[in-house]
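Novice: with the input below, show me the fold.
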Amino acid sequence: MAVTDYMTGMMFWISALVILGAVALALMSGLRRGGSTLSGADSDLAVYRDQLKEVDRDLARGVLNEAEAELARTEVSRRLLEADTRATQAATGSTGQRAPLVVAILGALAAGSIWLYTTIGAPGANDLPMTKRLAALEEAAASRPSQVEAEGLAAASLPSAPEADPKFLELMVQLRAALKERPDDMQGLELLAGNEARLGNFVAAREAQEQLVALQGDAVQPDNLVMLIDLMVFSTGGYVSPEAEGHIRRLTDVAPGNGAGQYYAGLLLAQNGRPDRAFPIWKRLLEASSPDAPWVPVVRAEIVSLAAAAGVDYQPPVLSGPTAADVAAAQGMTADERQDMIRGMVDGLAERLATEGGPPEEWARLITALGVLGDTDRATTIAEEARVVFGSDSNALALIEGAAARLGGGQ
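Specialist: Predicted structure coming up:
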């Protein structure tokens, strides 16, 4: 292996020197061409050579006799020798003047090349074929931290929940105790997951939702899978664990068009070093999503850099609603200002659904968002409206009931 590394390094430097030599020859050739204009001495040489030929022509025509022609040849030859001497001296002086310039350019070229390579290059690194790079990425993805490990690392950085009402805390104690006795109570698990998240107990919320999804088995609703993935990713500070990956794959299998599933599928690939595969997913998602979709602000803020990493020049379409600039501005807001911004987005979604309608996934998202904001009365009212809107659609009603159940208002 050491011999191979040495040979690879030698081949690199030999190639670099050959390229440098070729550039140097090109520069020297250009300098020579630049100094090849006809000097005064060179011009005289041409004139005197023409005069010698003219003497021979005059002799042949009888204009000059042999003696006169010989005298003319002697004089022109003398002048020719003097002009040749001047031309040689001029060429020697010109070459001497250009030599320092050539040396300076070659020195700067070599020094600049070495500096650039040592600054942004990777001296000593071997070339890595694409197959090996992809294999390394797959190996890194397979050995990344588990859900529990990531939750432990992220626990200190997660936001703390507001102080809860003592009566609510007392009810939570009773709910936890009841579920220990009845661990198969699905409605109770839904309530527990939502309320634990509201209290900031994200790991406990994730565990309750995970238990619910396991109980539902093949009959699990996409909305419950989305809720589980949300909790898993949030409790790790935005990291997609191998366990979350399994649920993402399951979600995209049972609901291929689910926006949250597509968002998390792209996020997973981006985190695993595959922007080339993540970008097309997010591009399709962004261009097909409603501006009020919860993933739109995040995707818009990240997709340009993701596209650049994939080697694509992409600008997202102009959409109404939150933009990348809005998201950047939100980072500098206080907690109250950010809460006001979120509430404004939720109000916009509520107004659009009331006037234009929308799919059941958006109604369920609105109910959930209002619950997170603590506006449970309004969320319950909207759940009642949704039941009327989707009264004949059992699948839609299941989404609405699932969202309402997490508020404690589902019947």
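Novice: can you give me the buried ones in the helix or strand residue 280 falls within?
Specialist: In the assignment (DSSP states H and E), residue 280 maps to helix 275-288. Under the neighbour-count criterion of 16 or more other C-beta atoms under 10 Å, helix 275-288 has 275, 278, 279, 281, 282, 283, 285, 286 buried. In this view, the C-beta of every residue, glycine as well, is placed from N, C-alpha and C.
Novice: do the same with stretch 157-174
Specialist: Those buried within stretch 157-174 under the rule 16+ other C-beta under 10 Å are residue 172.
Novice: so how far is it from its chain's centroid?
Specialist: 39 Å (C-alpha atoms, centre = their mean, to the nearest Å).
Novice: the helix or strand where residue 105 lies - what's its average pLDDT?
Specialist: In the assignment (DSSP H and E), residue 105 maps to helix 66-120. For helix 66-120, mean pLDDT rounds to 69.
Novice: stretch 198-215 now?
Specialist: So the average pLDDT for stretch 198-215 ends up being 92.
Novice: how far away from the center of its chain is that stretch?
Specialist: On C-alpha atoms, centre = their mean, the centre of stretch 198-215 falls 32 Å from that of its chain.
Novice: quick one: buried residues of it?
Specialist: By 16+ other C-beta under 10 Å, the buried positions in stretch 198-215 come out as 198-199, 201-213.
Novice: what strand or helix carries the nearest residue to residue 175 once chain neighbours are set aside?
Specialist: Distances taken as C-beta to C-beta, 6 or more residues apart in numbering put residue 192 closest to residue 175, at 5.7 Å, once the chain neighbours are dropped. Here residue 192 sits within helix 186-198, counting by DSSP H and E.
Novice: tell me what that helix is packed against?
Specialist: If you count contacts as 3 or more C-beta pairs under 8 Å, 6 or more residues apart in numbering; DSSP states H and E, helix 186-198 packs onto helix 166-181, helix 202-216, helix 222-235, helix 360-372, helix 394-405.
Novice: restricting to C-alpha, output it in CSV.
Specialist: Only the C-alpha atoms of helix 186-198 are listed here, as CSV (Å, rounded to 0.1, in the frame of the first residue of the first chain):
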residue,chain,number,x,y,z
MET,A,186,-54.7,3.6,21.4
GLN,A,187,-56.8,6.7,22.1
GLY,A,188,-55.0,7.1,25.4
LEU,A,189,-51.6,6.8,23.7
GLU,A,190,-52.6,9.5,21.2
LEU,A,191,-53.5,11.8,24.1
LEU,A,192,-50.3,11.0,25.9
ALA,A,193,-48.0,11.6,22.9
GLY,A,194,-49.5,15.0,22.2
ASN,A,195,-49.6,16.1,25.8
GLU,A,196,-46.0,14.9,26.5
ALA,A,197,-44.8,17.0,23.6
ARG,A,198,-46.7,20.0,24.8
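Novice: how far out from the middle of the chain is it?
Specialist: Distance, centroid of helix 186-198 to centroid of chain: 37 Å (C-alpha atoms, centre = their mean).
Novice: before we move on, what about stretch 301-313?
Specialist: The chain centre lies 4 Å from the centre of stretch 301-313; the measure is C-alpha atoms, centre = their mean.
Novice: same question for it, mean pLDDT?
Specialist: Stretch 301-313 comes out at a mean pLDDT of 91.
Novice: report the buried residues of it.
Specialist: Judged by neighbour count (16+ other C-beta under 10 Å), stretch 301-313 contains these buried residues: 301, 302, 303, 306, 307, 310.
Novice: what's the answer for stretch 170-188, then?
Specialist: 172, 175, 179, 185, 188.
Novice: can you redo the residues you listed as CSV with pLDDT?
Specialist: Putting these into CSV (pLDDT from 0 to 100) gives the following:
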residue, pLDDT
172, 91
175, 91
179, 91
185, 91
188, 91
